[in-house]
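**Student:** quick one, what's the 3D model for this:
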Amino acid sequence: EIESVREMILTTSVQSICNTLQALCARKDTSYLLQNIRLPVLILVGEDDIITPPIFAKYMYKKINDSTLHII
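**Tutor:** This is a model prediction of the structure:
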């Protein structure tokens, strides 16, 4: 699986990577809106996820009322 992620990164154009990084830098924090979610939510995260670590999933779990958290 790590090899497929590596391949995906290596085949992504420089322009796409730059555009993605610019979008990430420009986005505003909307985590304060999590408490407004009014439907059941499943939060699924990998134990060793380095892009979105479990600590962020746990934060969402605490903020979303009807949520379930599974760490795999």
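**Student:** other residues contacting stretch 46-55?
**Tutor:** Counting contacts by Cβ atoms under 8 Å, 6 or more residues apart in numbering, the residues outside stretch 46-55 that touch it are 45, 71, 72. In this view, the C-beta of every residue, glycine as well, is placed from N, C-alpha and C.
**Student:** pull out the buried residues from those residues.
**Tutor:** Members of the contacts of stretch 46-55 that pass the buried threshold by neighbour count (16 or more other Cβ atoms under 10 Å) are listed as residue 45.
**Student:** reformat the contacts of stretch 46-55 as JSON lines; add secondary structure, pLDDT and distance to residue 62.
**Tutor:** Written out in JSON lines, the entries for these read as follows (DSSP: H, G, I helix; E, B strand; the rest coil; pLDDT from 0 to 100; distance: Cβ to Cβ, whole Å):
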{"residue": "45", "secondary structure": "strand", "pLDDT": "96", "distance to residue 62": "14"}
{"residue": "71", "secondary structure": "strand", "pLDDT": "97", "distance to residue 62": "14"}
{"residue": "72", "secondary structure": "coil", "pLDDT": "95", "distance to residue 62": "19"}
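**Student:** take the contacts of stretch 46-55 and write them to CSV, including distance to residue 22.
**Tutor:** Output for these, formatted as CSV (distance: Cβ to Cβ, whole Å):
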residue, distance to residue 22
45, 26
71, 31
72, 32
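**Student:** okay, and residue 3 sits in which element?
**Tutor:** helix 2-11 (DSSP states H and E).
**Student:** same check on residue 55?
**Tutor:** Residue-wise, residue 55 maps onto helix 54-63 under DSSP H and E.
**Student:** just the buried residues of that helix, please?
**Tutor:** 54, 57, 60, 61.
**Student:** which helix runs longest in this protein?
**Tutor:** Looking across the chain with DSSP state H, the single longest helix is helix 14-26.
**Student:** just the CA trace of that one, in PDB.
**Tutor:** The C-alpha coordinates for helix 14-26 follow below in PDB (Å, rounded to 0.1, in the frame of the first residue of the first chain):
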ATOM      1  CA  VAL A  14       4.100  19.500 -10.000                       C
ATOM      2  CA  GLN A  15       1.200  21.900 -10.900                       C
ATOM      3  CA  SER A  16      -1.300  19.700  -9.200                       C
ATOM      4  CA  ILE A  17       0.800  19.500  -6.000                       C
ATOM      5  CA  CYS A  18       1.300  23.300  -6.000                       C
ATOM      6  CA  ASN A  19      -2.400  23.900  -6.500                       C
ATOM      7  CA  THR A  20      -3.300  21.500  -3.700                       C
ATOM      8  CA  LEU A  21      -0.800  23.100  -1.300                       C
ATOM      9  CA  GLN A  22      -2.100  26.600  -2.100                       C
ATOM     10  CA  ALA A  23      -5.700  25.400  -1.500                       C
ATOM     11  CA  LEU A  24      -4.700  23.900   1.900                       C
ATOM     12  CA  CYS A  25      -3.000  27.100   2.900                       C
ATOM     13  CA  ALA A  26      -5.900  29.300   1.900                       C
END
